[in-house]
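Need coordinates for the below:
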Amino acid sequence: MQFKGTCASGGKAEGNLCIVHDFREIDHCKKNDVVLLVKIKPTIPLIKMSSAILAIHGGVTSHAAIIARENNKPAIVSLSEEILQHVKNGDRVEVDADSGVVNIL
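This is a model prediction of the structure:
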C-alpha cells in the first residue's frame, strides 16, 4: 500500500513505524524508526533518533519540515489521515521523500 504527501526534506529511508499522537508516546520510539507525527511538533531528540519523519499536518514551512531539513532527515508532510487506518506501530515502511511516497512493506 502506498501513500503520497509533500516532500519537505529529500532522501530515502526504511524502518519500523513509530506513531506519535502526543509527547507521552515518544518513549516507544526506537533509534532508526520512521516517526509518524499526528498533530504534534517534533522534538530535536526525536528527530535525531529517527531515520525519517512523516507528518499528517503541516507543509514545507512547518516545524517538522524545518527541523528535518536542519538534521538532514528525509521528511514527507501533508499526508492524508487515511494512513492511520492502514498502519500500526512497528509496521515496516519505506520512505521516498524525493517523490513524496510512503510504501507499507
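
pLDDT score assigned to Asn16?
Listed pLDDT for Asn16 reads 98.

As CSV, could you dump the C-alpha coordinates of the helix or strand harbouring it?
Assigned by DSSP states H and E, Asn16 belongs to strand 12-20. Only the C-alpha atoms of strand 12-20 are listed here, as CSV (Å, rounded to 0.1, in the frame of the first residue of the first chain):
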residue,chain,number,x,y,z
LYS,A,12,15.2,7.8,1.3
ALA,A,13,14.9,5.6,4.4
GLU,A,14,13.4,2.4,5.6
GLY,A,15,12.4,1.4,9.1
ASN,A,16,9.8,0.4,11.6
LEU,A,17,6.9,2.9,12.0
CYS,A,18,6.5,4.8,15.3
ILE,A,19,3.3,6.7,15.5
VAL,A,20,3.3,9.7,17.9
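
Report the strands that pair with that strand, each with its relative direction.
In the sheet, strand 12-20 lines up against strand 34-37 (parallel), strand 92-96 (antiparallel) (DSSP bridges).

So for Glu81, which of these sits nearest?
Glu81 lies closest to strand 34-37 among the strands paired with strand 12-20, at 10.9 Å (CB to CB). Bear in mind the C-beta positions are built from the backbone N, C-alpha and C, glycine included.

The closest one: which residues count as buried?
Val34, Val35, Leu36, Leu37 (16 or more other CB atoms under 10 Å).

and what of stretch 16-31?
Using 16+ other CB under 10 Å as the test for burial, stretch 16-31 gives Leu17, Cys18, Ile19, Val20, Ile26, Cys29.

Minimum distance to Ile67: which of the strands paired with strand 12-20 has it?
Comparing those under CB to CB, the one sitting nearest is strand 34-37, at 10.4 Å.

Which neighbouring elements make contact with the next helix or strand after the closest one?
Moving toward the C-terminus from strand 34-37, the next helix or strand (DSSP H and E) is helix 44-49. With contacts taken as 3 or more CB pairs under 8 Å, 6 or more residues apart in numbering; DSSP states H and E, helix 44-49 sits against helix 63-70.

List the buried residues in the helix it packs on.
By neighbour count on 16+ other CB under 10 Å, the buried set for helix 63-70 is Ala64, Ala65, Ile66, Ile67, Ala68.
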